[in-house]
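Participant: For reference, the sequence and a predicted model appear below.
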Amino acid sequence: MDQAKNFTKGFIRENPVFILMLGLCPALGTTTSAFNGMGMGFATMFVVLMSNIVVSLIKNFVPNKVRIPCYIVIIASFVTIVDLVMAGFMPALHEQLGLFIPLIVVNCFVLGRAEAFASKNTLLSSVIDGTGMGLGFTFALTLLGAAREILGSNAIFGLQFIEGDGMLVFILAPGAFIALGYLIALANKLNKQ
Amino acid sequence: MDKLITVSPSPHVYGDDTVKKLMYGVIYALLPAFLVSVYFFGIGALIVTAISVVSCVMFEYLIQKYMMKTEPSVSDGSAAVTGVLLAMNLPTNIPWWIIVIGALVAIGVGKMSFGGLGNNPFNPALVGRVFLFISFPVQMTSWPEPIVSRLQYTDAATGATPLGVIKEGLAAGVPMSRLAEQIPGYLDLFIGHLHGSMGEISALALLAGGIYMIARKIITWHIPVSIFCTVFLFTGILWLINPYDNADPVFHLITGGLVLGAVFMATDYATSPMTPKGMWIYGTGIGVITVAIRVYGAYPEGISFAILIMNSFVPLINKYVKPNRFGEEVKNG
Amino acid sequence: MIHTFPNGGVHPAEDKFAAGSSIKALPVPETVIIPLSQHIGAPAEPLVKKGDKVKTGQLIAKSKGFVSANIHSSVTGTVKKIDNEPDSSGYKRTSVVIETEDDQWEEGIDTGTSIKKNITAGPEDIITRTLDAGIVGLGGATFPSHIKLSVPKGKKAEILIINGVECEPCLTSDHRLMLEKGEELLVGVSLIMKALNVTRALIGIENNKPDAISHLSRLAQDYDGITVKTLKVKYPQGGEKQLIKALINREVPSGGLPIDVGTVVHNVGTAYAVYEAVQKNKPLIERVVTVTGKGVERPSNFLVRIGTPVKTLIEAAGGIPGNTGKIVNGGPMMGKALNNIEVPVNKGTSGILIIPAPEAARKPVVNCVRCAKCVSACPMGLEPHLLMPATEFKKWDLAEEEKILDCMECGSCSYICPSGRPLLDYIRLGKSTVSKIIRSRKQ
Amino acid sequence: MAKRESTFFNMVLALLTITLVASASLGFIYELTKEPIEAARAARKNEAIRAVVPDFDNNPTEEQYTIEVAGGELVFYPAKKEGELVGTAIETFTHRGFSGTIKLMVGLLPDGTIHGIEVLEHKETPGLGDKMESDKSDFSAQFEGEHPEDFQLRLRQDGGDVDGITATTISSRAYCEAVQRAYDVYMDKDADVSYELPSREEAVEIVLVNFANNPLREEYQVTAGGNQYTVFPGRRGRSYTGLAVDMPSDEGYIGPIRLMVGFDSEGVITGIEVLEHEETPGYGDLIENARSDFYKQFIGLNPGEDNIRLKEDGGIIDNISGATITARAYCDAVRSAWEVFSEAQNM
């Protein structure tokens, strides 16, 4: 496969959030600001990348019948590592993302990459895929977070550009759905062209 | 034969009603409430209504012309009705840009996303209103002082609605009897001399509009009556059980957006059931949810949420509640 | 007490311009075109051939099968041809074209004007005479009447209902008939009662015809068991099922007939025709036709020989007005638009309606706003707003489930729709497709 | 390397290897991050403490102590400079937030003056309730430098001195409650922090006046309205000076209320103490004598002549705001106690 294409597919063409619609729970829950979305995105990206690497390396060692439990153990370990490291070194972000970090384990997107890609491809391809898809996920969450932050708090990455409150609804759960819905529509329109 | 004649299937005559006439009928029915509002809130009422109607009509035109690429049908008046109803649901001291956002959401999200007039599952004006309510809670819950703020727009002195006073008071443990002193008398409440959104203040004017619409057969009586009955019964029972901590049913009927909601918002064609039986179920549901939110919920008023919630049940009601089919249940008497 | 049916219905402008003009016999036309299929069921079989001389009232075509009716010559003259001629449906149908020479009635027909009240015929005779005289339902449905006079085995008729409703706007033929031929009508009703072996008959008349109500009520005092009932003006009260519901509060089950609820419905015109057939031995060769419409010079009610071209009637009423947009055979709600005014009046023609051009055009069609007016207007309790898209998107299962076949095509939904949607047009299409599907399923 | 077959051995081996490697690396990371996590937690708390009390040089978290109160516990962090107490940071709470519990860090100077308040935890609506956070609005600033004795910790609309956050009455009210709780417990910590209600014995001595005997020794039973009640007569010499009635009422807002009501020989109320109740903290518990003056309006009244009912019920007693049912039950209990008193007189 063309590695460049392999890398870029995660942004729009096979964007995990907008097109594949995977990992919507953290996408909706953590994206109250662009920074939070980005943090969550990078955390997930780290897990995807690392689990892709490990799964790709051990793919022949693991018998088929136990591959899912093995992958889950691997993913869970990396998630725990992310959780601990974040709590230790980025307490503020950890506070914000809190509950959603452990939930990366059940993010279908992560297991999906391990199962659908890394377990069948070479190490290099898996690294490229993990990075590309992870960046795509980060891109989606950051975009969603930015949209919600701009509309909801009149700010972007914490920088207030208009005084006063924005449209609160975008900070709340319903706003997450509205913003995600319109971004999905937009991504589909771009994909069609 | 020297000229063409039309040959078409029957019927060969048609009723006078057109969508346009019905929509303008709704606007005429809203006139009394609008005039009462202008009397109490002055220029604020005029500005808010003008901005709301103009932006709704404009957004509908732009979306139809440039996004849906169809022939704009703003002349049917439905966008204007949405505009007036949205204005009716706003305080008259709300900044203009909030109204424009509300109009965009009402028309763009509430109506055009679903394919335009007749296809929207939720009342567009209420979608706009609830969106604003969650987005700008501060601006949406400070109501100008009637009469004294006639000449002010956004700088008007504000106060709480009677429902808000009761809700706050009861939450703080103040008994009903003492709270009653803080709210206007029932006559004032009925005429519309109180704090509230622009169009909801005068139960009298709204009922007049409702009677006009029923007489002109724009709406049927089922939905408003079922909502009123349910609210009256439900609050009446609560009041009889514990008059110290519950407002009486008459108070519930004439305050807040109940009359506006029951007469003008819940009866929206596209979002209400098609059969009288369905309308009863729908109206009863709205009544129950409204009272539940008012009495047990976090907000003092709940009719908007109640209508939107029941809107979502309308397709289900329409699927399972059918008109009385002639000859299906043979009742020979 | 004023009766009506409870659910549905509309109230179009009544426009009964011709209500005040008494029935005038139209002169015998030069040529008549008598279609052999003027009724529901099999066309009659011609008994004459080109060149034959026929007399007025002579049988020229014999009923073929049970659901069929005899056809008689309405004039005296020579059969010019038996050929396919366009009739009011717009299709060409086998017709007997007769050139008029004279007006000589067949032997044995009492053409006098005296009223014969004395009933001598027995039930069997009455049915036979009705069959022989080629009488069909004159309200418009043209169902052969002798069938409705013989009660099927296992069923029992209790009440006879006479339809004097004339709920279609504009039409006044039944109204004039009730005013001018009241006595004959009541004798006719008595005859039908005798044939059906019932003791009660109700004549339902809408209260926009107070003169007819009082006239018939007064006359009916002399007839045992006949009562005149006043009905509220509401369309389509003349529909059998609605009329039964309004008068005796019984609902004919879906897919059933009036006899299933112990009743039989006949039009006033049919009752009059039965009188003439039994008491005067006169076959059905003429009927009352209203010619009316906004702009018509002399809205009139004519006694017309079957087979007279529509054009003749219009000319007698003052000719076609300048702004004519549509000419309808029947009433405005259920009548059929004509594309040719040379077509003949047949047994089912109750009126000729001329509609001015501005009103002939339909309203522009816009989105359905789901106002539910069609649901509340439907007298059968159907949901036209649902049946139309079901047909449009070929969801025949849904259409059948939603009882599209119960539709009586009264047009109330299309009439009331503020969005100008062609509800009935689609429903008609849906009905015929669904019934085809049901038939093929049975095979 | 070819894919390994799914034999039992291979599967066990794979799982075992992977879990071993995973747990080993997790243990390693845990050790690595343990200290930073602890430090981050402490830093956060210290930051909050630092924000609400004047400059200190001790480590308040080391000297922290906890006091249990109804509904939770308060944590006290004494801040000292050169060994002298300069203020106390109190971790307090309220359960009456719009979306549940709110935790605050309230800093009080030794005399009880509020020095600063920070929000530790809350789930209030963004844009509304979260304005209680000091960096989102000036709401919390109005408390600084105020002493709750002169600065009523209630919203203006409830008769206090606090300007609530617009459209956020419930959160504002809850905030005040949490601050009040911190203040109350702090000011009372030397006396009896947990507001213990008087025992039966103590209550009898409080509610009776002008007696020389030991009423506890002379308790007896009185039957009134089919129920038995315990009463304690007060005597001076041979003359009867009053009667204390142990009066349970079974209809508080949450559970029964038990009162000790003292009468003089004429039936005039000489004192009332609450023995037991389960009413709402901050509302119904205002019937406790230590918490409000509610009881005082009964003293000197004679239920035989005065209408011991709430004003809204047609009587003369002022209600407790927010606790109508409790106050009503209290009045009922007082009237019943008088019934017992008159029964005892007739014996």
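Facilitator: Arrived safely.

Participant: rest of the way, CA atoms for contacts and neighbours
Facilitator: OK.

Participant: Scan the chain for its longest helix.
Facilitator: Looking at chain A here, since you left the chain open. Using DSSP state H to define each element, chain A has its longest helix at helix A:123-153.

Participant: other chain: chain B
Facilitator: When chain B is parsed with DSSP H, its longest helix is helix B:19-41.

Participant: hey, where'd the helices end up in chain A?
Facilitator: Per DSSP H, chain A carries helices over the ranges A:3-8, A:24-29, A:34-58, A:67-89, A:91-97, A:108-116, A:123-153, A:173-192.

Participant: Reduced to three states, what does residue C:320 come out as?
Facilitator: coil (DSSP: H, G, I helix; E, B strand; the rest coil).

Participant: count of neighbours near it?
Facilitator: 15 (other CA atoms under 10 Å in any protein chain shown).

Participant: excluding its backbone neighbours, what's nearest it?
Facilitator: Among residues not flanking residue C:320 along the chain, residue C:314 sits closest, at 6.5 Å (CA to CA, 6 or more residues apart in numbering or on different chains).

Participant: you'd agree that neighbour is up against residue C:290?
Facilitator: No: applying CA atoms under 8 Å, one finds residue C:314 not in contact with residue C:290, separated by 9.9 Å.

Participant: Show me how far the helix or strand hosting residue D:48 is from its chain's centre.
Facilitator: For residue D:48, the host element (DSSP states H and E) is helix D:8-52. Distance of helix D:8-52 from its chain centroid, counting by CA atoms, centre = their mean, to the nearest Å, is 39 Å.

Participant: Show the subsequent helix or strand relative to that helix.
Facilitator: Assignment by DSSP H and E places the next element after helix D:8-52 at strand D:65-69.

Participant: Note down every partner strand of that following strand and its orientation.
Facilitator: Here strand D:65-69 is paired, per DSSP bridges, with strand D:72-81 (antiparallel).

Participant: how about the partner strand: buried residues?
Facilitator: D:74-80 (16 or more other CA atoms under 10 Å in any protein chain shown).

Participant: Leaving out chain neighbours, which residue sits closest to residue D:314?
Facilitator: residue D:307 is the one closest to residue D:314 (CA to CA, 6+ apart), at 8.0 Å.

Participant: Then residue B:166?
Facilitator: Using CA to CA, 6+ apart, the closest residue to residue B:166 is residue B:179 (6.4 Å).

Participant: Which residues does the helix or strand that neighbour falls within contact?
Facilitator: According to DSSP H and E, residue B:179 maps onto helix B:176-179. Applying CA atoms under 8 Å, 6 or more residues apart in numbering or on different chains, the contact partners of helix B:176-179 are B:165-166, B:169-170, B:243-247, D:312.

Participant: List the contacts of residue 150.
Facilitator: No chain was given, so I picked chain A. With contact set as CA under 8 Å, 6+ apart, residue A:150 has these partners: A:156, A:166.

Participant: I'd like to know which elements the lowest-mean-pLDDT helix or strand in chain C is packed against.
Facilitator: Least confident element among the helices and strands of chain C, by mean pLDDT, DSSP states H and E: helix C:357-360 (a mean of 85). Judged by 3 or more CA pairs under 8 Å, 6 or more residues apart in numbering or on different chains; DSSP states H and E, helix C:357-360 is in contact with strand C:324-329.

Participant: Packing partners of the strand it packs on?
Facilitator: Other helices and strands packing on strand C:324-329, by 3+ CA pairs under 8 Å, 6+ apart, are strand C:336-337, strand C:351-356, helix C:357-360.

Participant: What helix or strand is the residue nearest to residue C:383 when sequence neighbours are not counted located in?
Facilitator: Distances taken as CA to CA, 6+ apart place residue C:375 nearest to residue C:383, at 5.1 Å, with adjacent residues excluded. Element membership for residue C:375 (DSSP H and E) is helix C:373-377.

Participant: which residue ranges form the strands in the stretch 151-300 of chain B?
Facilitator: B:158-159 (DSSP state E, counting those that start in this stretch).

Participant: quick one on the thing from earlier: could you check the angle the longest helix of chain A makes with helix A:34-58?
Facilitator: Using axes from the mean of the first three to the mean of the last three CA atoms, to 10 degrees, the direction of helix A:123-153 lies 160 degrees away from that of helix A:34-58.

Participant: buried stuff in helix A:123-153?
Facilitator: Here helix A:123-153 shows A:123, A:125-153 as buried, counting by 16+ other CA under 10 Å.

Participant: ok, now which ones touch the residue in the stretch 1-150 of chain B positioned nearest to chain A?
Facilitator: Using CA to the nearest CA, the closest approach of the stretch 1-150 of chain B to chain A is made by residue B:135 at 4.0 Å. With contacts defined as CA under 8 Å, 6+ apart, the neighbours of residue B:135 are A:152, A:166-170.

Participant: which one of the residues you listed sits closest to chain C?
Facilitator: Checking the contacts of residue B:135 against chain C with CA to the nearest CA, the nearest one is residue A:169 at 29.7 Å.

Participant: and the closest residue to the closest one other than its chain neighbours, what are its phi and psi?
Facilitator: Using CA to CA, 6+ apart and skipping the chain neighbours, the partner closest in space to residue A:169 is residue B:135 (4.5 Å). Main-chain torsions, residue B:135, degrees, to the nearest 10: phi -80, psi -40.

Participant: Same check on residue D:220?
Facilitator: Torsion angles, degrees, to the nearest 10, at residue D:220: phi -150, psi 170.

Participant: With residue D:121 instead?
Facilitator: Main-chain dihedrals, residue D:121, degrees, to the nearest 10: phi -160, psi 140.

Participant: Confirm for me that it is in contact with residue D:104.
Facilitator: Yes: assessed by CA under 8 Å, residue D:121 is found in contact with residue D:104 at 7.0 Å.

Participant: Looking only at neighbour counts, state which of those two leads.
Facilitator: Neighbours per residue, other CA under 10 Å: of residue D:121 and residue D:104, the larger number sits with residue D:104, 25 against 13.

Participant: for the nearest residue to the more buried one once chain neighbours are set aside, helix, strand, or coil?
Facilitator: In space, residue D:104 comes closest to residue D:119 once its chain neighbours are excluded; the distance is 4.5 Å by CA to CA, 6+ apart. Going by three-state DSSP, the secondary structure assigned to residue D:119 is strand.

Participant: so how far is chain B from residue D:119?
Facilitator: Going from residue D:119 to chain B by CA to the nearest CA, to the nearest Å gives 22 Å.

Participant: That's all I had, so thanks and see you.
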